[in-house]
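[1] Predicted model, plus sequence, below.
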Amino acid sequence: MNMLQAINNALNIAMAANPRVVLFGEDVGVFGGVFRATSHLQDKYGRERCFNTPLTEQGIIGFANGLAAQGSTPVAEIQFADYIFPAFDQIVNEAAKFRYRSGDLFDVGGLTIRTPYGGGIAGGLYHSQSPEAYFAHTPGLKIVIPRNPHQAKGLLLAAIRDPNPVLFMEPKRLYRASVGEVPEADYELPLGVADVIREGRDITLLGWGAQMEVIEKAAALAEQDGIDCEIIDLRSILPWDIETVCDSVLKTGRLVVSHEAPLTGGFASEIAATVQERCFLYLEAPIRRVTGLDTPFPLVLEKEHLPDELKIYEAIKQSLNY
Amino acid sequence: MTGDELCIPIFKRLRQDGTLYPVEESQVQGEPSQDASPIERDTALRIYRTMLFTRVLDERMLAAQRQGRLSFYMQCTGEEATVIGSAAALQDDDMIMAQYREQGALAWRGFSCDEFMNQMFGNERDYGKGRQMPIHYGSRDLHYMTISSPLATQIPQATGYAYGQKLAGKGQCTITIFGEGAASEGDFHAALNMASVHRVPCIFLCRNNGYAISTPSCEQFAADGIAPRAFGYHMQSIRVDGNDVIAVYEATLAARKIAVETHQPVLIEAMTYRLAAHSSSDDPSGYRSKKEEAIWRDKDPILRMRNWLEAQGWWSEEEEKATGDQLRREVLESMKRAEKLAPPALDTLISDVYDTPTPLLTQQLEDVKQHIRKYPHAYPKGAASMGFTSQELEDSRKVYQERHQRVDGGQTS
Ligand SMILES: Cc1ncc(C[n+]2csc(CCOP(=O)(O)OP(=O)(O)O)c2C)c(N)n1
């Protein structure tokens, strides 16, 4: 199964299991979404449970908030993460604060927002952004990013069933490129728990989503120099698994965090600050961040802008030679 | 009220066969009026040539995309009369703030074939410096605001731009063009409301082409299209046949007069059809029928105008053929030139983020350069901009492959 098929499969299972799961967004109906993540679901569950919305992101999320407050389980699609900003207010001021401001009289816990994010697809500045850090500054939201089809299915099912609003960001570069074994059955992967992909002695490499592929390649390069990397996929950006990350750094003494979004105010900054507080005396080298540049996303010079395996490999060596 | 009662009429001038609908008097006798020419000859021919150019451009660029020479493309096929007819009714220094399917308006203003190509291939002569996907054109000289992908964002900006024009007092206006899909965004409603409250010289032109990607207009709104929305904002509006170049031209002329002379915004809804796919990444066979497309192909706005021009004695079969051949040659040659040009310089990575790069950006560019010096083969465009030769890239690749042999072959989880 590829990642799109895994997402489609998860949505199908969620809809079959719970009649209150409702899917909507731009082009998700007959067409099955511009990436085809919702293919055939309208056929199966009817137009009331899977439908096209008018072209209004603020409308989509506002509608979803109301629907979730009513007790339904909306799964709203924002066609590209770049176009989530018209809905920013409905997400950060409404969805995230619903429970808190009402003293738990009302909540929108049923809400899941799915959106494709990330670069490497020659999409230029408006089809490549990774906006997780904007949302990570918002208490009350969960943010989840899968790295492969198996995770996409298990995490999406968990997100839909989680009693909190969840922003589920899908690495679109991997939609068709990432293929793997995915169980047919219904299963969930825990939110808020990082995944230690590989254990190692010398340095901890941390990332999420599409960046994991690149990190694994960098680790393979470093291995040839005799460097043994521990690799962690954070999976959930909010809340994030501080324990797993810090335990690893306490062991290796070194950390490289990588993400596609710009450096300044990126989520790697939050991680670096926390790890520094908790592991200061164990650190053998400064924590390194390998990220996109502090510029909007370019088109022609995308390769130069993006953090890739060579840039991460260099950061690993610098950390070890510090 | 039922839907039928709500249905506002469509202003039409030209039939598909090239004859004009009867004006009031001749309507009584049922005779088409052929006397007065609504668009003077030179303007009409220039409009028509521009329509042919965009049709050729669309055909060639879609083919280029299919051959992998171009990453992406969006056609305006079927909507030429709306876009070019309206642009022709404006003054050259009126502002155009378009959505993305309006290459015709830019071509009308004189954007050259090379300028189109440079943007699409993102080369060193692209005014946008290779940052945006193909078709996101812009030209300060031609008063054409650079396209932004997030839909509808240009509509309230047009209101603001037009307010500035009013303050400047030079009698200019702004036209903003958008799809019926984009008119669902909050930005659309905010824009119209502010425009009517502040009485700005702005023309809101909606291309109602039936689809927003796969979403048909009946799933976009339940009301009678876009034109009646003007009522709620106390604004004049008109619905025109968007495949009728004369109707669009005349409606826009009238709208411009209202906007500039009385500082009142106007909403125009042009009823047309997106004959092509949404974009080169789309396949419309998944959501609409060949039959429906065929009905609209019979309403081809270019053919309609050609019939009219021929009836006027202003155009012929020979001119059609010669112009088509010449345009195809021009587009192909221009494409070859643009493909050969170098990519934008590496320094464009950090320019224009601010008026001058911040110290942190300068540092980041330095770091990128230092990294490229180590692995030039992995960044061919950046390396080329730094003066590395292809031989040097080859050498770098060899060194890398020898050092990391096992990695390149093996794969990761
Ligand atoms: C804010 C925003 N949401 C979604 C998109 C993705 N998108 C690009 S074009 C398009 C359809 C636009 O339809 P319409 O405005 O009717 O214009 P048309 O393509 O029919 O000319 C969509 C949904 C976007 N570019 N911006």
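    Alright, I've got the coordinates.

[2] and the stretch 151-300 of chain B, which of its residues are near chain A?
    Within the stretch 151-300 of chain B, the positions near chain A by C-beta under 8 Å from any C-beta of the partner chain are B:151, B:181-182, B:184-187, B:212-215, B:219-221, B:281-282, B:286-287. Using the backbone N, CA and C atoms, a C-beta is placed for each residue, glycine as well.

[3] Turn the buried ones among these into a named ChimeraX selection, would you?
    Here is the ChimeraX command that selects the buried residues among these (16 or more other C-beta atoms under 10 Å in any protein chain shown):
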select /B:151,181,182,184,185,186,187,212,213,214,215,219,220,221,282,287
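
[4] mind listing what the closest residue to the ligand within the stretch 1-150 of chain A touches?
    Per C-beta to the nearest ligand atom, A:Y83 is where the stretch 1-150 of chain A lies closest to the ligand, at 3.6 Å. Contacts here follow C-beta atoms under 8 Å, 6 or more residues apart in numbering or on different chains; on that basis A:Y83 touches A:E57, B:P150, B:L151.

[5] Out of the residues you listed, list just those in strands.
    Assigned to strands by DSSP state E, none of the contacts of A:Y83 qualify.

[6] Now do the helix of greatest length in chain A, average pLDDT.
    The longest helix of chain A (DSSP state H) is helix A:3-17. The pLDDT scores in helix A:3-17 average 98.

[7] Just checking, which helix or strand succeeds it along the chain?
    strand A:21-25 (DSSP states H and E).

[8] re the thing from before, format the contacts of A:Y83 as TSV; extra columns: distance to B:Q326 and pLDDT.
    Output for the contacts of A:Y83, formatted as TSV (distance: C-beta to C-beta, whole Å; pLDDT from 0 to 100):
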residue	distance to B:Q326	pLDDT
A:E57	44	98
B:P150	37	98
B:L151	36	98
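
[9] Which ones among those residues also lie next to the ligand?
    By C-beta under 6 Å from any ligand atom, the members of the contacts of A:Y83 lying near the ligand are A:E57, B:P150, B:L151.

[10] Grab the longest helix from chain B for me.
    helix B:41-66.

[11] what separates it from the chain centre, distance-wise?
    Put simply, helix B:41-66 sits 12 Å off its chain's centre (C-alpha atoms, centre = their mean, to the nearest Å).

[12] rewinding a little: narrow the contacts of A:Y83 to those in helices?
    Residues of the contacts of A:Y83 located in helices (DSSP H): A:E57.

[13] And the pLDDT for the residue of the stretch 1-150 of chain A closest to the ligand?
    Confidence score, pLDDT, at A:Y83: 98.

[14] for it, phi and psi?
    When read as degrees, to the nearest 10, the backbone of A:Y83 gives phi -110, psi 20.

[15] before we move on, what about A:P139?
    phi -60, psi 140.

[16] Repeat that for B:T215.
    As for B:T215, its main-chain torsions (degrees, to the nearest 10) stand at phi -80, psi 110.

[17] What residue, apart from its backbone neighbours, is nearest it spatially?
    Nearest non-adjacent residue to B:T215, counting by C-beta to C-beta, 6 or more residues apart in numbering or on different chains: A:N52, 4.7 Å away.

[18] Now for the one you found, how many residues are close by?
    A:N52 has 24 neighbouring residues, counting by other C-beta atoms under 10 Å in any protein chain shown.

[19] and what of A:Y100?
    By other C-beta under 10 Å, 11 other residues sit near A:Y100.

[20] Skip the chain neighbours and tell me the closest residue to it.
    A:G140 (6.1 Å).

[21] angle of the helix or strand containing B:I302 against helix B:41-66?
    With elements taken from DSSP H and E, the one containing B:I302 is helix B:301-312. Taking axes from the mean of the first three to the mean of the last three C-alpha atoms, to 10 degrees, helix B:301-312 and helix B:41-66 form an angle of 150 degrees between their directions.

[22] Please identify the buried residues of helix B:301-312?
    B:P301, B:I302, B:R304, B:M305, B:R306, B:N307, B:W308, B:L309.

[23] could you redo the residues you listed as CSV and give each row pLDDT and distance to the ligand?
    Below are those laid out as CSV (pLDDT from 0 to 100; distance: C-beta to the nearest ligand atom, whole Å):
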residue, pLDDT, distance to the ligand
B:P301, 98, 15
B:I302, 98, 18
B:R304, 98, 20
B:M305, 98, 21
B:R306, 98, 24
B:N307, 98, 26
B:W308, 98, 25
B:L309, 98, 27
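
[24] residue ranges of the strands in the stretch 101-250 of chain A, please?
    Per DSSP state E, counting those that start in this stretch, the stretch 101-250 of chain A carries strands over the ranges A:112-117, A:142-144, A:166-171, A:195-198, A:203-207, A:229-233, A:236-238.

[25] quick one: average pLDDT of the third one?
    In this model, strand A:166-171 has a mean pLDDT of 98.

[26] Does chain B have contacts with it?
    No - using C-beta under 8 Å from any C-beta, strand A:166-171 never reaches chain B; the gap is at least 15.3 Å.
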